[in-house]
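Visitor: here is my input; please provide its structure:
(one chain, ligands or ions: 2)
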Amino acid sequence: MNKTILITGATSGIGKATAIHFAALGARLILCGRRQERLNQLKEELPTEVHILNFDVRDRTAVFEAIESLPETFEQIDVLINNAGNAHGLDDVIEANLDDWDAMIDGNVKGVMYVTKAVLPLMTKRKSGHIINVGSIAGLEVYPKGNVYCSSKFAINAFTQGLRIDLNPIGIRVGAVHPGLVETEFSEVRFKGDVNRAKSVYNQLDALQAEDIANTIAFMVHAPEHVTIADITILPTAQANASVLNKK
Ligand code: NDP
Ligand code: 8X3
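Guide: Ligands and ions are numbered 1, 2, ... in the order given. A predicted model of the protein is given here:
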């Protein structure tokens, strides 16, 4: 696969599975995240050319410096996968912690915008590229105590649509994947390391796995150039919408 693919949030879950998927196809990968050790390990393990970038998507300067630091061989980014993000807390608006709100808005919303803005010049100058944003069912429907996490993903849905309009004249493809429950480190982060509470989200339910989302992203990437997969909503069969689950 003769493409250069930048994946944010590659140290875990969906981003890591996507990296493994495209590495097996021989794509050139730029893998991003904050956990350097995990990035190093991935670079060592993956059977393809990998460049790692360690930055926090919330840090605007760090984002731009990281993208500007790319060696010439990795500059022609064909696909940007904006995946980094997390939920922080699951509380109603009265109880919620403002630091959690900042983390979600700064990471899930502004982070995606900063990375996109930093990468775009590398695509616009070649009039070619593909941007895939990882949204969520939480960006299509609000669920109890989802308030700000849902707001962040609704924003990603709107940003994706805006990007598609603005980049239409230059032929850059833009789409989003909106997963339901995927069993990753997501709930561990949301519940601040409470592993048992995190596990309870996925028990009695055949949840999506990170590889399911990687396969979906690959389907979007592999579509012929004249085809844009604008949106894919993907749920576990046991999930009907953001809040209706068939737990056994
Ligand atoms: P994980 O917690 O397993 O992975 C999150 C990834 O995002 C990690 O690689 C983490 O890397 C990175 N990340 C988080 N915050 C930052 C930051 N501030 N700067 C840089 N990198 C960051 O969760 P998932 O794989 O499940 O989540 C990936 C995406 O999928 C997120 O956008 C999430 O909202 C979305 N999603 C998840 C669903 C689920 O049920 N799991 C369902 C729908 C959407 P590091 O900590 O090393 O920086
Ligand atoms: C993650 C899915 O339902 O936990 O975006 O918000 S959910």
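Visitor: who touches Leu245 in this structure?
Guide: Going by Cβ atoms under 8 Å, 6 or more residues apart in numbering, Leu245 touches 181, 205, 238-239. Glycine gets a C-beta too; all of them are placed from N, C-alpha and C.
Visitor: scan this protein for its longest helix.
Guide: Identified as the longest helix of the chain according to DSSP state H is helix 147-167.
Visitor: for that one, packing partners?
Guide: Packing partners of helix 147-167 (3 or more Cβ pairs under 8 Å, 6 or more residues apart in numbering; DSSP states H and E): helix 98-104, helix 111-124, strand 130-134, strand 173-179.
Visitor: so which of these gets nearest Lys43?
Guide: Proximity to Lys43, assessed across these by Cβ to Cβ, is greatest for helix 111-124 (19.5 Å).
Visitor: next one: the closest one to chain centre, how far?
Guide: Between the centre of helix 111-124 and the centre of its chain there are 14 Å (Cα atoms, centre = their mean, to the nearest Å).
Visitor: picking that back up, now render the helices and strands packed on helix 147-167 as a markdown table, adding distance to ligand 1 and mean pLDDT.
Guide: What follows is the helices and strands packed on helix 147-167, written out as a markdown table (distance: least, Cβ to the nearest ligand atom, whole Å; pLDDT from 0 to 100):
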| stretch | distance to ligand 1 | mean pLDDT |
| --- | --- | --- |
| helix 98-104 | 7 | 98 |
| helix 111-124 | 6 | 98 |
| strand 130-134 | 4 | 99 |
| strand 173-179 | 4 | 99 |
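Visitor: mind picking the two most distant members of the contacts of Leu245?
Guide: Across the contacts of Leu245 (Cβ to Cβ), the longest gap, 8.5 Å, separates Leu181 and Ala238.
Visitor: got any residues that touch both of these two?
Guide: Common neighbours of Leu181 and Ala238 are listed as 205, 207, 245 (criterion: Cβ under 8 Å, 6+ apart).
Visitor: just the residues you listed now: which is nearest ligand 1?
Guide: Distance to ligand 1 across these (Cβ to the nearest ligand atom) is lowest for Ala207, with 7.6 Å.
Visitor: okay, the contacts of Leu245 in a markdown table with secondary structure, pLDDT and distance to Ala96 next?
Guide: Output for the contacts of Leu245, formatted as a markdown table (DSSP: H, G, I helix; E, B strand; the rest coil; pLDDT from 0 to 100; distance: Cβ to Cβ, whole Å):
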| residue | secondary structure | pLDDT | distance to Ala96 |
| --- | --- | --- | --- |
| Leu181 | coil | 98 | 21 |
| Leu205 | coil | 95 | 26 |
| Ala238 | coil | 98 | 28 |
| Gln239 | strand | 98 | 24 |
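Visitor: filter those residues by proximity to ligand 1?
Guide: Leu181 (Cβ under 6 Å from any ligand atom).
Visitor: format the contacts of Leu245 as TSV; extra columns: neighbour count and distance to Leu29.
Guide: What follows is the contacts of Leu245, written out as TSV (neighbours: other Cβ atoms under 10 Å; distance: Cβ to Cβ, whole Å):
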residue	neighbour count	distance to Leu29
Leu181	21	27
Leu205	17	32
Ala238	17	32
Gln239	21	30
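Visitor: got the angle between the longest helix of the chain and strand 130-134?
Guide: 170 degrees (axes from the mean of the first three to the mean of the last three Cα atoms, to 10 degrees).
Visitor: so what's the gap between helix 147-167 and the chain middle?
Guide: The answer for helix 147-167 is 13 Å, by Cα atoms, centre = their mean.
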